[in-house]
Every structure is written in structure tokens, then in C-alpha cells.
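Enquirer: A structural model of the following input is requested.
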Amino acid sequence: MPIIEAMDARNNGGRLAARLIEDWYQGTLQHHTQSENESRAQSCFRLRGTRPAPDGVGDDHDLIQVPSQTHGSVISCLCRYCRYHFVFEWWSPSTATVPAHHQHHFVIVGGSDESFGQETGERVLGQERWNKRTHPLLRLTRYQCTVCGFNVKLEVSAPRLDSRWIDIVTDVSRARRNLKRAMAEDPARFSGLSADKIAKLVAGGLITLNMYITNIMSNDGNPPTSSGEKKISERNKTFMVQFGPECEELFFYLGFKKRHEAEDVYYISPREPPQDGGKTTDRQSERAFFENVKSEIQSVIHQPMPQLVTTPIPVRPGLEKALGCADIPKVPSREKHDPHYFYLLGASPSSSEESLKWAYERQVAVDPDYRRYYVEALQNLAAYRDTELQLFAIQAEEATPLEKSVYDKDWEWFGLSREQGRTWDNDRIVQRYKEYRDTSPTQRHFHRLHLAKIGRDLDRTALVDLAAIDMDVVEANDVLGIGPFTSLDYVANAAMASVNNNEKDLAVVVAAMNVVGDHHDHHEDPAAFMEFERISGQLTTLLNGESHDPYLSGASDNDQGFETKTEDLTLPAGLVNLRNTCYLNSILQYLYTVDVIRDLLQTLNLDTLEASTEKMGEMLRGAEEVQRKEAWLGHEFARELKTLFHEMEESTSSHVKPRQRLANTALARAGKVSPTTETKATEPKAADSKATDSKAADSAVPELKITRFTDAEPKPALPPRHGEETSAVEHVETASVSSSQTLVGEAAGGVTVATGTEKKKETEKAGSVEALAKELDQDEVKGTDQQDVDEAMGNILEHLQAAVKLARARRSAGEEDETEEIPDPVDNHFYSDFVMHSQTSTAGNEWSQRDDRNRLVMAPLHETKGVKEDMYQVIGRGLDIQRNEETKLMTYTAIKKPADILHFLFPRSRQDGKNENPVELNDPLYLDLFMDVEDKEDERYKKKTRLWAINRRSEELRAEKNKVVPETNSRDMLSEEELERFLSEDSPTDADGDYELVDVNEGTAKELGGVTVTPEKLKEFDDWTRVDQAREEDGLEKERKELLASGDVEYRLHAVFCHRGSTGFGHYWVWIKDFERGVWRKYNDNIVTIHSEEEFRRDAGCAPEPCWAAYVRAGKTGLVSIPLRKGVGKEVVEAKVKEALAQKGGDTLMWDA
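Expert: Numbering: from 1, shown residues only. Presented below is the predicted three-dimensional model:
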């Protein structure tokens, strides 16, 4: 388990000012606490409780000012969504000399973090400072800078207006009942109400209440009565409908008094004298109470109708200025690891290198006992930053005492040193364990795992057994690091890896697997369940036969600690998931089926090249250091890939375990060498994916001129096989031009390839070939950080091109005798030529052209949820003609020369999470109308433009059909259109003499072009329009399909990469077509299954999982094939395929993996 977990919420460090502000917005008033619930107790999500938030609103506060209570060194504000109030007050120390420092570093002043209820508040603060109505303080916290003593005080108080009253006032069904009752009692009085007026009347309660509060605090509006009072009659039509007797308690709370006069009853309004100009309101005064109530009402109104209220003033800029961090440099957050590293250092994810150094120095200064944990956090963050920060982290590590035992962190999790804990008996340890489970229930799975490790350290079976019992399914999922819908085969492999890597205790893992297995539907995915049962049984066998330390049990030939029986060899070999390598396994299986890649590996002379910068320089004369590294890295990757393919062909097991060095090499970039990082196997992160520009790729690995290296000794054709696994090397951005979003929340921008001086600087930072080799051979970490399929694919293809260019250079220098040129299958078969047409003037039909070469076609999905489209529609969204709204100029992209193997990327990331719209994977796929046509009079161009028009019109019809029509319900207020009309109408005084009544137009018909149209006629017209639009949609769809029904540029679907999960968590697998046998194979890590075309279509052919697809040109399907294992004949495989498809259930076969 990563060391960070042992430190989570267990130290006495502080926070930089920028991080403190972020935590305030997240509701984390205390930085370090034993209870995760407590640490986020003030988040917007928790404070608003069960009340729903608007779409797109997350857990964080959106603080806006209460201007009349804000001044100088005080900001008074409230959250727009939970309506809790926050008051920030700050002051500098009294000392005249303040030491200069990069940024304030805050800790909570001892004893100053207090929570209040009514009893505590009145006792501690007194009734003058704590008042349930005007000042319901919930929390008071004071922070102080550890360098200069700068102070910040934060007060959090409850909303002044109870949520139930807002629910009552906005309850439209209640208002309708009131109206119905009033109309029954006095029909004549309500006879003039139109349907439009009724809709406004029943939905406008909050608007009216806002006017009542405004009138209390001002002399605006109608004058009071002769007695100086303002009053509302119970018989007032607006009051009867919108409020009525249900709101009597609310008006009493607001200070209204009820009085009987003659035959009527009135509510007498309280009055506050007008505020003197420029004076700040006392926050505990009655006027402040009404200001706060009004601000809460307006925050609710602002959500659907911002034009009705004063533009809110955001608080964050003022806080940043007050705390002195407004001008602190920030960087884009690009780290791919656990955010707890930032949390531990008390720094923001956008912190610059200088800020991270400062945060580390301050944390160590105030909390020296936990220095080594801060060092680890710094190292993990430095791995993605510049060389200077990496050197700083190395120096910090050298100054930190080494850990004495692997069990230290387990004891420290419970607040004990190992020396102290080993003196405790079982009862004291169990008592501490139970205390931690009670105080931090969301971390109870961590408590289990650490208790089990302590049991191993003490050789006390009773503690291990306690850690493995009484586990519910939620905790079992947490132990295994999975979600409720994670596939069982992924669960099994993750569990096995965690035991083999000594990350988790075997007994706890087995117990968790038993619970998870009992709660999964075994029939949902039989293949996954079979794999789960197999691994669960092996782990249980190991547990029952183990000594007290299961991690010392002997390993067999497959490095898993389990014996492997001979399997049916008619299926391709699966690949073991090292940790988070499902995406890489999918790519490797795909490449194994591409004949030109396999042929390339056989063609290349993959002897061993010494990892020496000096000797590589002698071989590659004139090449810069980064070019030498690129060449060496490409050569090494090709060697590793050839080794894997050889083992997959020779294996007699159901699966093969890839070398860790292959994973390291696949993701390595020559431009940067950094310390490896470890991320949790249970929380894979997806990385940016980009379409690689061929020009950028070529410049990344230029043609090399070399001299013959005469003193090299003969090397074996394949690298030696090592049992030890090694760590991942960081993968940095590939040189690419297309921006895309696949499974990442932020769009990836283009990356400029370094040239000239920039290239030289990159070389200086990159380190030597020796350093790169050392990175590839590390053995601290298993697996990798999860990457995006396309990003990893681009990196791998660049490696293969680098290997080709090195081999060509060696051959041209006479190092090899062959004269035939080595082909580049990546460039020859994966890259397409495109041309972008851009209109140069709106005045005429003048166009310019720009050629491009790329290995990828972007196929953006529709942004509207639930829209199902086919390949032609998503491809068209990326290539069709578009207009620049600023320049009004048109652009479109066409394919000039398509590759033999075409890759399509479906970006599935967007602001509100993963885009799960299904896409139909057409097979065959005709690209004729996406090809470039130079002659605008050509019939193909006319068809292309017609297709553009159809797509554009179809989108317009979809937008019209999907327009949101407001529906009245218990929480609805007026629509924007209704409110605009509402506000434009007069608001005369009611016949009853009430000053607040808002009246409406009595008309029931509308004038349209001089013709009176009744509501009935409008509805009839609308129904007719919808029927007509449906007919038009059907006609357009039929014509679109006819245009695309056939063609000469035909492609066949070969492979589909799928992803299940969210943008921050999930699992990859790949479907690959066996053209020779007419079946699909699903490669899910070490499980390989056979499926019919029908089952593929049902499960993946039109589903939300595909994120990437590969097509091969019709007539060239011989470029791909499913390799057979050594010694297995075609007739045997074909017989097995027929047997599989003939089995009961019909269309799937799975062999034990």
C-alpha cells in the first residue's frame, strides 16, 4: 500500500494560502483530521443535504458577496446553492518587521476551531453574539501564518431562511390548491384569470417574497397607510394563492404581525430605517438579518433566472488578494497521480515548482516528525515537473533517514511507532482499531489492511483473522479498489496483483473476494465469472496452505505463485494485467494481429545495443543526445515486443505475462527521464489522447547518419527473460497536432516539437542513454499509470518508426550486408493524407488548401446525452464543412489518400463526465463522400455537399425537437420568457389597497400578423409542425443512407477498443475480427473468448463502450490475421470455432484462462 495512505489525515502540517482557499470552497475547514466525514463536513454537497442542486453543480461552494456587510478586511458572503453564510476577517501581526516569504503558510491556531449549537453558542459567545435568528453561528476557525503571524478568521453560519419555507413558497401544486379553493369561495373575483395569468400567479411566490423583504428595508414603492404601516390583506389575490395559511409561521418569523380589522385580517410589515449611504451593516443587527434573507432568496431566483437579480460578486478574487496569493504564479494541473500528494504538502494542484518547494520546506519546519512522508509526496510531484525540482526532491530524500521496517507505516496509521506498538497486547491494539473504525468509517478498509499487516508483523493470527471478518459488500469493494459495476475478471486480476505485489494482505483479499462474488450476477458475464472463480480458488488454496507470511511463498514458473496447467491452444494467449495495464494489453493484442508489424520485427536486426551515450554517439555521428536516446529506445521496444510475440506463439498456457520492462519501454519518452511513480491499481487515471501529426512524428525521430561500431560483440536475437518486474517510466506528451478528448476531463492542446535552442535545452534536461536504461530496468513498481489507448498507441508506433530509422541508418553505413530497404509499415499502412480547404474571402468563392498527414481520424460524438449515431455521422462531425463564427469563413477537411489501416478515435470526455452515447460501427464502411474532389462540378462533390446539407438540417431538426419545454411542478417558478413578459407589465395597486400586488394581462388570445390565434389553434399548429418535422427527418435519413450505401473506397471493421467506467476509473478490452474464420475474439487481459458477428453487434457494435476503432481497406484484409500458436493447425482451430458456435447459447465459447 502506498506510503501516502499511512499519512492520510495523520499529520500536523499546514496549507499554503492558495490551497487554503481551495479547501474553503471544498468545505475542508480542517486540513488534517482522523475523520474523512469531518474533513469535508462543510462542503456544499453535505450542507445542502437532500436538496437537489442545478445541473452541473458539484460539491464545492460558489461564494458570492453580501455587499452591504463587506468592507475593508471583512468579506461577508453566502453560497449560492447551500445558502450557508461565510464571513472572512483578516489582520496582520502587530510587529513592525515581517519576514519576506513566498506565500503565507497557514495552520489552525490551537483551540480556535470550534463548532457551535444553540447551547454551546450562547454559553461560549453569549446571547448577544449567538442568536438563532440573526446569527446562528455553526463554526468559528482561526488560521495563522507560520512565518509572519498573519491571521484569518472564518465564521460559518446557517441559512436565515429554513429550506422548508422555500419548499412551501415554491410548491406550485400547493398554490394551485389555494387558487382552486379561492375560486370556489369567490368565483366572481377570480373570473378574469387567464391560463397565462394563473401559471404566473402560482409560480411567482419567491418573486413576491423578495419584494416584501425589499419593501421592509426601503421607502421605495407605494407609501404606507396614514398610520405609517405597510400591510397585506389575507384576501389579497396574490397573497391567498402564493402564501395562504401555510406560510403564517414564515411571516411571523420574518417579524410580521397579524391584526384583525373590520371584516379583514392583515399582516403588518416590520420596517427597517433606510441604510445611510456608505455605512456597513452590523452583521448581528436586524437589518443584516433581512439582508441575509434577501440574499438567500435571490440566490434561489438567480439559478433559473439571473436577469431578475443584481449580478452577484464572486468572492474568490477578493480572498486571493487579501491572502496575498492573487499574483502567485500558477501552472496547468497536469499530474496524473493521486491528489493526496498535493493534500499532504498543503499545496494546490496548480502550484508552481517554487510553490511546491516552499510548501515542502514549511511542512517540514512545522512537522519534522513526518518529514519522510513529505519527501515522498514531493518526489511524486517532482516526477512531472522540471529538472530543478527533481534535483531538489533528490536532495530532500538524501537528507531523510531511511525507513527501518516495511511495517512502520502500518503502525503509524494508528498513531503509533513500531517500537511502541510492539509492546501492546492484542486487546489494546484491537481497541485502537475499533476507535479508528468508529471515527473514520469511510476509511475502514484501510484500517483492516493495516491491522492485518500488524498481525503479520507480530505473528499474531488472531489480529489477521479479525481484519478479515464481518465485511459488507461496500467495504469489500473498497478493499479490492473497485466500483459496484466492475467486471469480475478485472476484480480477480487486480486482487491477484495486489497479493503478489505485497500491497494487500492475502486473508483480507480472499474475504473481500468471497463477499463480492456472492453479490455479483454470475450470469451477466460467464467468462468473467469463470476467471474470478479460478483466481479466487487459487488464492484460497494459497491462504489455507500458507505459513504466517504468505508473501514469502514460493513462486512458480509464471511468477504468480500458482501452477499453470496446459490449456487448449486453439485460442490465442491472453496477457496478464500487471497493474493498470489493460489498455496496453489491448494494444499489444491488436498489434499482434497486424501482419506487417510482425513481419517488421522479423526483418529488423534486434541485437543488443549497449546503453552508452558515448557509444551511441559514435554510432550516430552528428546526432543530438535526444536523437540517440530515441533511436536506442525504439530499438529496445522492438526487442521487447518481439520477445512477447515469440512467447505468445510458443506458450502452452492460457496466458502470458508481459515483462514489466516492455510496459516501461512502451510508455517511455526519450525527451524526459524522471523518477517513477506509483499510483493505486484501484484508481486508474486516463491520460490525454492526441491524433499524431506525421510531420511531428517524423521530426521526433529524424533520419540518422552513423558510423560502424566495430567493437560490438555478437548479441542474442532476443533479450534474456527476467522474472523480476520493474517500474513504469513516465509518458509525456507526444508530438501531435490534433486536440481531442477521449477519457480525460480537459481537452489536449497541440504540442510544439522542440527545435534549435529548445531542442538543445530538452536534451540537456533529458539525461543520458544510461539514465534512460536505468529507468527502464527499475523494479520498485508493478504495472503502470493507466494511459489512454490512443496516447499509448501513438507512443508505440513512434517507437517502431524510430527502430526502422535506426536500422536503415545502420544498413546505409554498411553495418549490415543486406541491400534491400527496410520498409516502414507504420508510415506505409497507418498514415493517411488529408487536405484542409479554407475559404479565404466571404466575398467570392476563393479557397486555399493545406495538406496534412495523420494516422488518426477524429470522430466526435454528439454532445447531447442519449443521441445514437453511426460512423458516417461522427466522422462527418470532424470532417464536414464548418463556419468560423468570428471570420464567417468556411472550412472542411477531406481525405486525399486513405491509409490501408484506418484508426478512428471517439472522444468520450466532456465537462459533466463521460460521453456514453452509443455509436453504430458500420461494416462495411464507405468513405467515398469523405474523399477529396478537386472538380466542384464533379458528381461526387455534389453528393458531398448534399450530405453536408442533410447533416446540417438534421441537426437543426434535432435541436428543435430537443428544446426544453418548462413543466409546472412542485418546485417550478416562471420560465425566462414568462418572466420577461412578467417584468414588462405594469404592477398596479390591487383593489384591496395592497401595495405589493403584481397584476398580469387579462387577454387570452395573441395577435399574430393581425390575426387572432387562440391557444387551441396554437396547439393544433404545434402538433401539425411536429408531424411535419418527423416526416422531414425520415426523408432526410432515407436519403442519407442511400448516398452512403455503396462506394469504391470500402473498409472493413477489424478491431474495437472498449472502455467501461468513468473518466477517472475503468477498464479497457478489445474486440478483434478473425476475417479468415468469420468470428470475433474478445481479449480481456488474460481471458480470450470467441463470439459470433451477432453477439459482437449486440455487445459492442452499437454500444456506449467503444472509444477507438480500426478499419482495414477492403481487398487488403490480408494485412491482418489471428496468429496460430506453434504446432496448432488451421483445421484444428476451425473445428474448435465451429464447435464453439454450435454450443447451446449459440454464439460464444470461453476456454479456462
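
Enquirer: Tell me, how many residues neighbour S848?
Expert: 10 (other Cβ atoms under 10 Å). Placement of C-beta: from N, CA and C, glycine included.

Enquirer: repeat for A771
Expert: Around A771 sit 14 other residues, with neighbours defined as other Cβ under 10 Å.

Enquirer: So it: helix, strand or coil?
Expert: Under DSSP: H, G, I helix; E, B strand; the rest coil, the three-state class of A771 is helix.

Enquirer: what about it, distance to D935?
Expert: 56 Å (Cβ to Cβ, to the nearest Å).

Enquirer: Same check on I268?
Expert: Computed as Cβ to Cβ, the I268 to D935 distance reads 84 Å.

Enquirer: Look at these two and report which has more neighbours.
Expert: Set I268 next to D935 and count neighbours by other Cβ under 10 Å: I268 wins out with 18 against 8.

Enquirer: List the contacts of the closest residue to that one other than its chain neighbours.
Expert: In space, and not counting its chain neighbours, I268 is closest to K257: 4.6 Å by Cβ to Cβ, 6 or more residues apart in numbering. Counting by Cβ atoms under 8 Å, 6 or more residues apart in numbering, K257 touches Y267, I268, P270.

Enquirer: Sort out which one of those residues lies nearest V74 for me.
Expert: Proximity to V74 was ranked across these by Cβ to Cβ; first place goes to P270, at 26.1 Å.

Enquirer: List the buried residues for stretch 249-261?
Expert: Of the residues in stretch 249-261, those buried by neighbour count under the rule 16 or more other Cβ atoms under 10 Å are L250, F251, L254, G255, F256.

Enquirer: could I get these as TSV with distance to A347 and pLDDT?
Expert: As requested, these are exported to TSV (distance: Cβ to Cβ, whole Å; pLDDT from 0 to 100):
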residue	distance to A347	pLDDT
L250	46	93
F251	50	94
L254	45	93
G255	47	92
F256	51	94
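
Enquirer: Of the residues you listed, which belong to strands?
Expert: Members of the buried residues of stretch 249-261 lying in strands (criterion: DSSP state E): none.

Enquirer: now these in CSV, with distance to V874?
Expert: Below are these laid out as CSV (distance: Cβ to Cβ, whole Å):
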residue, distance to V874
L250, 53
F251, 57
L254, 56
G255, 60
F256, 60
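
Enquirer: Need the max-distance pair from the residues you listed.
Expert: Comparing every pair within these by Cβ to Cβ identifies L250 and G255 as the most remote, at 10.8 Å.

Enquirer: residues contacting I482?
Expert: Going by Cβ under 8 Å, 6+ apart, I482 touches Y490, V491, A494, V516, T682.

Enquirer: hmm, 6 Å instead?
Expert: Contact analysis of I482 by Cβ atoms under 6 Å, 6 or more residues apart in numbering lists V491.

Enquirer: in a helix, that's where it is, yeah?
Expert: No: remark: I482 does not belong to a helix; assigned using three-state DSSP, it is coil.

Enquirer: quick one, phi/psi of L644?
Expert: Reported as degrees, to the nearest 10, the phi and psi values for L644 are phi -60, psi -50.

Enquirer: Next: A894.
Expert: Per degrees, to the nearest 10, the backbone of A894 is at phi -130, psi 160.

Enquirer: got the contact list for it?
Expert: For A894, the contacting residues are V835, D932, taking Cβ under 6 Å, 6+ apart as the criterion.

Enquirer: Please identify the helix or strand for I535.
Expert: In the assignment (DSSP states H and E), I535 maps to helix 526-544.

Enquirer: then that helix to PDB, C-alphas only?
Expert: Once non-C-alpha atoms are left out, helix 526-544 reads as follows in PDB (Å, rounded to 0.1, in the frame of the first residue of the first chain):
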ATOM      1  CA  PRO A 526     -20.000 -16.100 -17.600                       C
ATOM      2  CA  ALA A 527     -16.400 -15.600 -18.900                       C
ATOM      3  CA  ALA A 528     -15.600 -13.100 -16.300                       C
ATOM      4  CA  PHE A 529     -17.100 -15.200 -13.500                       C
ATOM      5  CA  MET A 530     -15.200 -18.200 -14.500                       C
ATOM      6  CA  GLU A 531     -11.900 -16.300 -14.300                       C
ATOM      7  CA  PHE A 532     -13.000 -14.800 -11.000                       C
ATOM      8  CA  GLU A 533     -13.700 -18.300  -9.600                       C
ATOM      9  CA  ARG A 534     -10.400 -19.700 -10.800                       C
ATOM     10  CA  ILE A 535      -8.300 -17.000  -9.200                       C
ATOM     11  CA  SER A 536     -10.400 -16.900  -6.100                       C
ATOM     12  CA  GLY A 537      -9.900 -20.600  -5.700                       C
ATOM     13  CA  GLN A 538      -6.100 -20.300  -6.200                       C
ATOM     14  CA  LEU A 539      -5.900 -17.500  -3.600                       C
ATOM     15  CA  THR A 540      -8.000 -19.500  -1.200                       C
ATOM     16  CA  THR A 541      -5.700 -22.600  -1.700                       C
ATOM     17  CA  LEU A 542      -2.700 -20.400  -1.000                       C
ATOM     18  CA  LEU A 543      -4.300 -19.000   2.100                       C
ATOM     19  CA  ASN A 544      -5.200 -22.400   3.500                       C
END
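
Enquirer: Tell me the buried residues in that helix?
Expert: 527-536, 538-539, 542-543.

Enquirer: Quick check: mean pLDDT of that helix?
Expert: Mean pLDDT, helix 526-544: 79.
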